[in-house]
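Using only what follows, build the 3D model:
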Amino acid sequence: MSNDACHKKEILAVHDTMDVLNGKWKISIISSICYYNQRRFSDILNDVPGISNKMLSKELKDLEINKLIKRTVVNSTPVTVHYNLTEYGLTLRDIINQLSDWGVQHRKMITGK
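This is a model prediction of the structure:
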């Protein structure tokens, strides 16, 4: 395979990734669940500033459809729902950590802090 064809394939793969993780909220939602291992809806709502209940519900459904998170309903009073990363979703952990590291470095570069 030529370099050009190889690069086009890599660019397409990045495009596919961004298609799954697109939008303002998905990376933050995945990060919340990733760092805490298990989160309730209200926990994620508190972790992701500015997201509405409706948008969080939509994004969680999208992430579940893409097999990145698992929704578990606990039969308790009141009923409790937990969100975890699936085994497949856990493959994003290194990427989330790298994004966090880059964000810390970028903030230091821009603000000097």
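
Which of the three states applies to the residue nearest to I69 when sequence neighbours are not counted?
Nearest non-adjacent residue to I69, counting by Cβ to Cβ, 6 or more residues apart in numbering: L63, 4.5 Å away. C-betas here are computed from N, CA, C, even on glycine. Of the three states, L63 takes helix under DSSP: H, G, I helix; E, B strand; the rest coil.

list the contacts for L63?
Neighbouring residues of L63 by Cβ atoms under 8 Å, 6 or more residues apart in numbering: K26, I29, I30, I69, G89.

What score does it have for pLDDT?
L63 is assigned 97 on the pLDDT scale.

sorry, back to before: in strands only, show me the contacts of L63.
I69 (DSSP state E).

Quick one: the contacts of L63 as CSV, columns for distance to V104, neighbour count and pLDDT too.
Formatted as CSV, the contacts of L63 follow (distance: Cβ to Cβ, whole Å; neighbours: other Cβ atoms under 10 Å; pLDDT from 0 to 100):
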residue, distance to V104, neighbour count, pLDDT
K26, 20, 18, 97
I29, 20, 26, 98
I30, 18, 23, 97
I69, 25, 23, 98
G89, 23, 20, 97
